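Visitor: Sharing a model that was predicted from the sequence below.
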Amino acid sequence: MTQLSVIGCGYLGAVHAACMADLGHEVVGVDVDPDKVAQLAAGKAPFHEPGFDDLLQRAIASGRLRFTTDIAEVHGSQVHFICVGTPQQAGRNAADLTYVHAAVEALLPHLAVHADGPVVVVGKSTVPVGTAAEIAARIDADAPGSGASLVWNPEFLREGFAIQDTVAPDRIVYGLGPGDRGQAARVVLDTVYASQLERHTPLITTDYATAELVKVAANSFLATKISFINAMAELCEATGADVTQLAEAIGHDERIGPKFLRAGVGFGGGCLPKDIRAFMARAGELGVDQALTFLREVDAINLRRRTHVVELARTACGGDLSGARVTVLGAAFKPHSDDVRDSPALEVASTIAGAGAHVTITDPAALENVRRVRPDLNLAADPLEAADRADVVVLLTEWEEYVTLDPEQLGTVVAHRQVIDGRNALDPVRWRAAGWTYTGLGRP
Ligand code: UDX
């Protein structure tokens, strides 16, 4: 058992804190937001994540997990995880590091020698390369008595699979400082991740810069894979070919693989879009912007898919969206999540509404968040209510309950049986058999 603090209890931090406590460590989670802390302390997740409420309650009941707004309570912890967000700066591509620097600033006065061994600060936030070295230097300069050292330990958790990805990750990366201190920190972190390492999880130890780059490289690769297949969808649209068959066929090549080749309205969320943009911005600062020029294209292809879906909806409504009734199925950036940050579904819905349509949006988990950020949109509790007298139904988040909808039943409430499948998730044969005009993305 190791005493841990987790600074920043958003998606990453809250899940990390609860999983670590469940694995037997003693954990204090710190966040500046009193509402979030109160909710977590009451055993209620501030976001939708399958299985998380149960895990949280179990960890709190064990007596090994508590939450606080008081940073002084990190006192007594040997390992401090920095899990705060690094959003995109307003109006710029670069990442906003305000929260990371504030977390380090707040932590420094509380770093003290620990009876059980070396004190370790562990960075998990996604940061521009070079940030870890800066933080390590600050620790040495401002908390020299603590002997604390820094490890950069990126996380790769997917929303919707956050617990699984924390408890049984694909790999663990330690970016270590030089010399004996780096090695001593590694030994401490090995005890924190003992259960993951016992499962023979691959462990890669690197320097700081490599560890920071691993994270953004992984997300850039995933984004590129999605935009690649979406670019193929554009070709398919121009030629009458079918991108779903194309993806299946190339995915059988083991060197390519079938995952992340689902063409549709593209990627969104709190990570991929902002991470590729921050990566380009950092490459520019480093004078190697040419190396990442392709990511500009990846971003552009991705955003073009959103515009394309709006145009398909316009065409379905006779070339003019004003006054049309449009139903949008899904608001979250992907299923099993209530996250609407940079959600393609929400952006398409908003653009269609902006063109004068009467848009009704439904989602099994994200409606509360939609209400917060887009109070002007009409919300409906379920697809049947949402599709009332619709001229066109647009599926944008492939929740299971939408994929398995009965087209016959939905057809009884709409004005026109027209569906745009923004995720290529519906069965065109079934929908067409029920009298619907079906339009997929990159499908004839
Ligand atoms: C991502 C990374 O996967 C994760 O490793 C990292 O730590 C954080 O960012 P997440 O944002 O939870 O995780 O979502 P992910 O499952 O990667 O999906 C991202 C987006 O891509 C979603 O909008 C999804 O709908 C879209 N997507 C995914 C596609 O459009 N096509 C695909 O084939 C796969």
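Guide: Yes, it's here. Numbering: from 1, shown residues only.
Visitor: per-domain residue ranges of the protein.
Guide: Domain assignment for the chain by automatic domain parsing gives 3-206, 221-439.
Visitor: Mean pLDDT added to those, as a markdown table?
Guide: Listed next are these as a markdown table, based on pLDDT from 0 to 100:
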| stretch | mean pLDDT |
| --- | --- |
| domain 3-206 | 96 |
| domain 221-439 | 98 |
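Visitor: Including mean neighbour count and distance to the ligand, could those domains go into TSV?
Guide: (C-beta placed from N, C-alpha, C; glycine too.) Shown next, in TSV, are the domains of the chain (neighbours: other CB atoms under 10 Å; distance: least, CB to the nearest ligand atom, whole Å):
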stretch	mean neighbour count	distance to the ligand
domain 3-206	19	4
domain 221-439	19	3
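Visitor: Nearest to Lys215, out of those domains?
Guide: In terms of CB to CB, the element of those nearest to Lys215 is domain 3-206, at 3.7 Å.
Visitor: Spell out which residues sit in contact with Leu111, please.
Guide: By CB atoms under 8 Å, 6 or more residues apart in numbering, the contact set of Leu111 is 80, 119, 121, 139, 143, 146, 148.
Visitor: list the contacts for the residue nearest to Gln183 when sequence neighbours are not counted?
Guide: Leaving aside its sequence neighbours, Gln183 sits nearest to Leu176 (CB to CB, 6 or more residues apart in numbering; 7.3 Å). Contacts of Leu176 were listed using CB under 8 Å, 6+ apart, and they are 151, 182-183, 185-186, 205-208.
Visitor: how does it look with 10 Å?
Guide: 149-153, 182-186, 189, 205-208, 211 (CB atoms under 10 Å, 6 or more residues apart in numbering).
Visitor: Next, the contact list for the closest residue to Gly257 other than its chain neighbours, please.
Guide: What sits nearest to Gly257 in space, not counting adjacent residues and going by CB to CB, 6+ apart, is Gly251, at 6.1 Å. By CB under 10 Å, 6+ apart, Gly251 lies in contact with 229, 257-261.
Visitor: about what we covered before: with respect to Ala218, which of the contacts of Leu176 is nearest?
Guide: Of the contacts of Leu176, the one sitting nearest to Ala218 (CB to CB) turns out to be Ala211, at 11.5 Å.
Visitor: how far away is that closest one from Thr126?
Guide: 11 Å (CB to CB, to the nearest Å).
Visitor: List the residues that are in contact with both of those two.
Guide: Contacts common to Ala211 and Thr126, judged by CB under 10 Å, 6+ apart, are Pro154.
Visitor: Export the contacts of Leu111 to TSV and append columns for secondary structure.
Guide: Compiled in TSV, the contacts of Leu111 are given as follows (DSSP: H, G, I helix; E, B strand; the rest coil):
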residue	secondary structure
His80	strand
Val119	coil
Val121	strand
Ile139	helix
Ala143	coil
Ser146	helix
Ala148	coil
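Visitor: So which of these is the closest to Ser337?
Guide: Nearest to Ser337 among the contacts of Leu111: His80, at 28.0 Å, using CB to CB.
Visitor: looking at the sheet around that closest one, what are its partners?
Guide: With DSSP bridges as the criterion, His80 is bridged to Ser5, Val121.
Visitor: tell me the contacts of it?
Guide: For His80, the contacting residues are 3-7, 28, 30, 74, 103-104, 107, 110-111, 119-123, 148, 150, by CB under 10 Å, 6+ apart.
Visitor: mind listing what the closest residue to Thr362 other than its chain neighbours touches?
Guide: Leaving aside its chain neighbours, Thr362 sits nearest to Ala386 (4.0 Å; criterion: CB to CB, 6+ apart). Ala386 sits next to 326-329, 359-363, 378-380, 393, 410, 413 when contact means CB under 10 Å, 6+ apart.
Visitor: from those, which is closest to Arg58?
Guide: The closest of these to Arg58 turns out to be Asp363 (CB to CB; 28.0 Å).
Visitor: wait, the closest one sits on Arg374?
Guide: No - Asp363 is not in contact with Arg374 according to CB atoms under 10 Å; the separation is 11.8 Å.
Visitor: So for the two, which residues contact both of them?
Guide: 331, 340, 346.
Visitor: now, which of those lie within helices?
Guide: Judged by DSSP state H, helices contain the following of those: Leu346.
Visitor: Endpoints of stretch 407-417, how far apart?
Guide: The straight-line separation of the ends of stretch 407-417 (CA to CA, to the nearest Å) is 9 Å.
Visitor: again with stretch 35-48
Guide: Distance across stretch 35-48, first residue to last, is 16 Å (CA to CA).
Visitor: Kindly report the same for stretch 320-331.
Guide: One end of stretch 320-331 sits 23 Å from the other (CA to CA).
Visitor: quick one: it to chain centroid distance?
Guide: 26 Å (CA atoms, centre = their mean, to the nearest Å).
Visitor: can you give me the strands in this protein?
Guide: With DSSP state E as the criterion, the chain has strands at 3-7, 26-30, 65-68, 79-82, 120-123, 149-152, 172-176, 203-206, 325-329, 358-362, 378-380, 392-395, 418-421, 437-440.
Visitor: who are the neighbours in contact with the residue nearest to Arg181 when sequence neighbours are not counted?
Guide: Of all residues not flanking Arg181 in the chain, Ser149 sits nearest, at 4.5 Å (CB to CB, 6+ apart). Going by CB under 10 Å, 6+ apart, Ser149 touches 118-122, 136, 139-140, 176-186, 188.
Visitor: again, only using 7 Å
Guide: 118, 120, 177, 181-182, 185 (CB atoms under 7 Å, 6 or more residues apart in numbering).
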